[in-house]
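> Sequence plus predicted model, see below.
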Amino acid sequence: MSKIKKTTVKRLKCSKYGHLNQAATGKYSLSLFSLKRLTFAFLKTQRTREALVKRLQRRLEIAEKEADKAEDPAVKAEWSRLVAFITQTINSLLKAYDAVRFNEDMQELKSLIKECKQLREELNGEWEELEAQKQDLELHRKELERRENELAYREAELNRKLEALAKQQTGGRG
């Protein structure tokens, strides 16, 4: 187990958000209850992150105004340093937020791809079924053509026999 995974497992074991179950295989798995608590904690973290960004943006506006107002270069430098620090903090919070959003979008994309693959498999199955039915219909059409030709041949043969009989009957009387 990697160092990160071990740390995560230790953190989760001790976490207030849930307990890990260790099966006989030695693998850890989260209980459903724990997973729900972790999901709630994650969503709570996202909301907290959003609130922090809003608060920092307000503070940033104040610091920028104070930096613009300041006439003393030392005071102006301190306000500018604070503006830079707040900007870096906001940037790091937004990067983390964007990374989470990206992961959510990737999960959604993966599920859409999985759904598309399933639909494609279903459609391929239906297509193969239709192709088999088409082949069966073609064979049936050929069989019907053969029978039609056979019946036409018999009809022609019977007409010849009828003409021959008609000639015999008229020829024998005349």
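Right, received. Where do you want to start? Quick caveat, the model's predicted, so the values are computed rather than measured.
> From now on I want contacts and neighbour counts done on CA atoms only, so please keep to that.
Will do.
> Distance of the residue nearest the centre of the chain relative to residue 127?
When Cα atoms, centre = their mean is applied to the chain, the residue found nearest the centroid is residue 112 (1.6 Å). Per Cα to Cα, to the nearest Å, residue 112 is found 22 Å from residue 127.
> Could you measure from the residue nearest to the centre of the chain over to residue 118?
Residue 112 sits 10 Å away from residue 118, going by Cα to Cα.
> picking that back up, roughly how far does the residue nearest to the centre of the chain sit from residue 106?
For residue 112, the distance to residue 106 equals 10 Å [Cα to Cα].
> Then residue 128?
Residue 128 is 32 Å from residue 106, by Cα to Cα.
> Could you do residue 120 as well?
From residue 120 to residue 106 the distance is 21 Å (Cα to Cα).
> By mean pLDDT, which helix or strand of the protein comes out lowest?
Within the chain, no helix or strand scores below strand 20-22, which has a mean of 40 by mean pLDDT, DSSP states H and E.
> Show me the shaky parts of this structure.
Confidence mapping of the chain against pLDDT under 70 gives the ranges 1-43, 98, 172-174.
> how about 80 then?
When residues are selected by pLDDT under 80, those of the chain lie in 1-47, 49, 96-102, 171-174.
> mind listing the strands in it by residue range?
Counting by DSSP state E, the chain has strands at residues 20-22, 28-30.
> What does residue 72 show for phi and psi?
phi -70, psi 130 (degrees, to the nearest 10).
> Burial check on it, number of neighbours?
9 (other Cα atoms under 10 Å).
> Please report how far it lies from residue 61.
Computed with Cα to Cα, the distance linking residue 72 and residue 61 is 19 Å.
> any idea where the helices of the protein begin and end?
Counting by DSSP state H, the chain has these helices, from start to end: 3-14, 32-69, 73-173.
> Just name the most buried of those.
Most buried of the helices of the chain, by mean neighbour count (mean count of other Cα atoms under 10 Å): helix 32-69, with a mean of 15.
> next one: phi and psi at residue 70?
phi -60, psi 130.
> who touches the residue lying closest to it once chain neighbours are set aside in this structure?
With sequence-adjacent residues excluded and distances taken as Cα to Cα, 6 or more residues apart in numbering, residue 70 is closest to residue 76, at 5.3 Å. Applying Cα atoms under 8 Å, 6 or more residues apart in numbering to residue 76 gives the contacts 66-68, 70.
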